[in-house]
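>>> Need coordinates for the following:
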Amino acid sequence: MEESSAPPVERGAPGRRQLLRHLAEGKRYETYVERQTQEMRVCFLCERIFYRQKPMRKVGVRWVCIDCLRALKDSIDTLDRWEELSTLREAVEKDVHRAWKPER
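Down below sits the predicted model:
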């Protein structure tokens, strides 16, 4: 048998390298998460988590995302119309009940 001049290969070496690579990736991920959580904001209306990409506004001690602010603005803008519809509905219900009751 011929002897090779290559150094002997350790059986655990590829597994060890992979383990060290995973540990290093885990450490980088932990560092990334720690940095991102400082910039993380939770919208108290929709309870979604946003970072710098989504505009948010602080209202009191809570944060509100731009989507919820737009929905809230639309709701407030149409509040008068809602009130008109509810009074109209009440008036119609009163008239319907009066029309169904026979007068004696």
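>>> And the pLDDT at the residue positioned nearest the centre of the chain?
By Cα atoms, centre = their mean, the mean C-alpha position of the chain lies nearest to residue 48, the distance being 2.0 Å. Residue-level confidence at residue 48 comes out at 88, pLDDT.
>>> same thing with residue 87?
89.
>>> Same question for residue 25.
The predicted structure scores residue 25 at 91 on the pLDDT scale.
>>> That one in helix, strand or coil?
helix (DSSP: H, G, I helix; E, B strand; the rest coil).
>>> Would you mind measuring from it to residue 51?
Residue 25 sits at a distance of 21 Å from residue 51 (criterion: Cβ to Cβ, to the nearest Å). No exception for glycine: its C-beta is placed from N, CA and C like everyone else's.
>>> ranges for the helices of the chain?
Here the chain has its helices, by DSSP state H, at 13-39, 66-77, 79-100.
>>> Now do the last one and helix 66-77, the angle between them.
If I follow you right, that is helix 79-100. 50 degrees (axes from the mean of the first three to the mean of the last three Cα atoms, to 10 degrees).
>>> returning to that earlier point: can you say which of the helices of the chain is packed in most?
Per residue and on average, the most neighbours among those fall to helix 66-77, with a mean of 12 (mean count of other Cβ atoms under 10 Å).
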